[in-house]
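In: pasting the sequence and the predicted model now:
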Amino acid sequence: MEGAIAAGCDEVAIFASASEGFSRANLNCSIEESFERFAPIMERAREVEIPVRGYLSAVIACPYDGAVAPQTVARWTAKLLEIGCYEVSLGDTIGAGTAERLDAMLDVLLYECPTDKLAGHFHDTHGNARVLVATALERGLRTFDASVAGLGGCPYAPGSRGNIDTRLVMEVLEGQGFSHGVDGDALARAEQIAHGIVD
């Protein structure tokens, strides 16, 4: 946090998990312990007026614990908002999501949290991320994480692929009549760079 302040960062992020197994693998602590670690970061962020975005991993399923209950997702999402995150990005870390599973989770979560405080972060391991973006849009979410050319992944989520390709998100948004403001030419140049790295 101090390094981010010194570097002039205008926003920081904290990462929690909706499953104990993934929390211990990714953060080397329990979920409760992770929130204890977040406390001084949130306090410092308030002091210097830097906004904090929250990320919640494994909101559909965990590579260690299996399916994650929607009530558990709602609990930890509400906790991230309660401690001061301006938004929580819901991570389908292993790409296990389907429209039905996401709908079931949002049925519970949207009783606790307004849609303008939520974002979708869908890994495309099984090619379902496009459907998840469309489903989340229908439920009122308007913010989505994406990565150029689908880069990414996680060493603690065996077999998972990167976040959904930015271009796919754009296609879903355009198909449903939303504007996105992404510079297509700049994206194409970034894609060339990405393919040069991973191909």
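Out: Everything's here; your move. All values reported here derive from a predicted model rather than from experimental measurement. Numbering: from 1, shown residues only.
In: who's in contact with residue 80?
Out: Counting by Cβ atoms under 8 Å, 6 or more residues apart in numbering, residue 80 makes contact with 14, 16, 54, 56, 88. Every C-beta, even on glycine, is put in place using the N, C-alpha and C of the backbone.
In: just the buried residues of those.
Out: When burial is judged by neighbour count using 16 or more other Cβ atoms under 10 Å, the buried members of the contacts of residue 80 are 14, 16, 54, 56, 88.
In: any low-confidence regions in the protein?
Out: Along the chain, the model assigns pLDDT under 70 to residues 199.
In: for it, which segments are assigned as helices?
Out: Listed in chain order, the helices found in the chain under DSSP state H are 2-6, 20-27, 31-48, 70-82, 99-112, 129-138, 166-175, 184-198.
In: with distance to residue 157 as added columns, please give the ones you listed in CSV.
Out: Listed next are these as CSV, based on distance: least, Cβ to Cβ, whole Å:
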stretch, distance to residue 157
helix 2-6, 25
helix 20-27, 8
helix 31-48, 17
helix 70-82, 17
helix 99-112, 17
helix 129-138, 14
helix 166-175, 20
helix 184-198, 18
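In: what's the closest of these to residue 148?
Out: Relative to residue 148, the nearest member of the helices of the chain by Cβ to Cβ is helix 184-198, separated by 4.6 Å.
In: the closest one vs helix 166-175, what angle?
Out: Note on geometry: by axes from the mean of the first three to the mean of the last three Cα atoms, to 10 degrees, helix 184-198 and helix 166-175 are set 150 degrees apart in direction.
In: list the contacts of helix 184-198.
Out: The list of residues contacting helix 184-198 from outside it, by Cβ under 8 Å, 6+ apart, reads 148-149, 151, 166-167, 170.
In: so which of these is the most crowded?
Out: Of all the contacts of helix 184-198, the highest neighbour tally under other Cβ atoms under 10 Å goes to residue 166, namely 22 neighbours.
In: just checking, that residue touches residue 147?
Out: Yes - shown here, residue 166 and residue 147 form a contact pair, counting by Cβ atoms under 8 Å, at 6.5 Å.
In: biggest separation within the contacts of helix 184-198, which pair?
Out: Going by Cβ to Cβ, the two entries of the contacts of helix 184-198 that are most distant from one another are 151 and 170, at 15.8 Å.
In: so which of the helices of the chain gets nearest residue 155?
Out: Using Cβ to Cβ as the criterion, the shortest distance between residue 155 and the helices of the chain is 8.8 Å, found for helix 20-27.
In: what is the closest one packed up against?
Out: Helix 20-27 sits against strand 12-17, helix 31-48, strand 52-57, with contacts defined as 3 or more Cβ pairs under 8 Å, 6 or more residues apart in numbering; DSSP states H and E.
In: what about it, distance to the chain center?
Out: The gap between the average C-alpha position of helix 20-27 and the chain average comes to 16 Å, counting by Cα atoms, centre = their mean, to the nearest Å.
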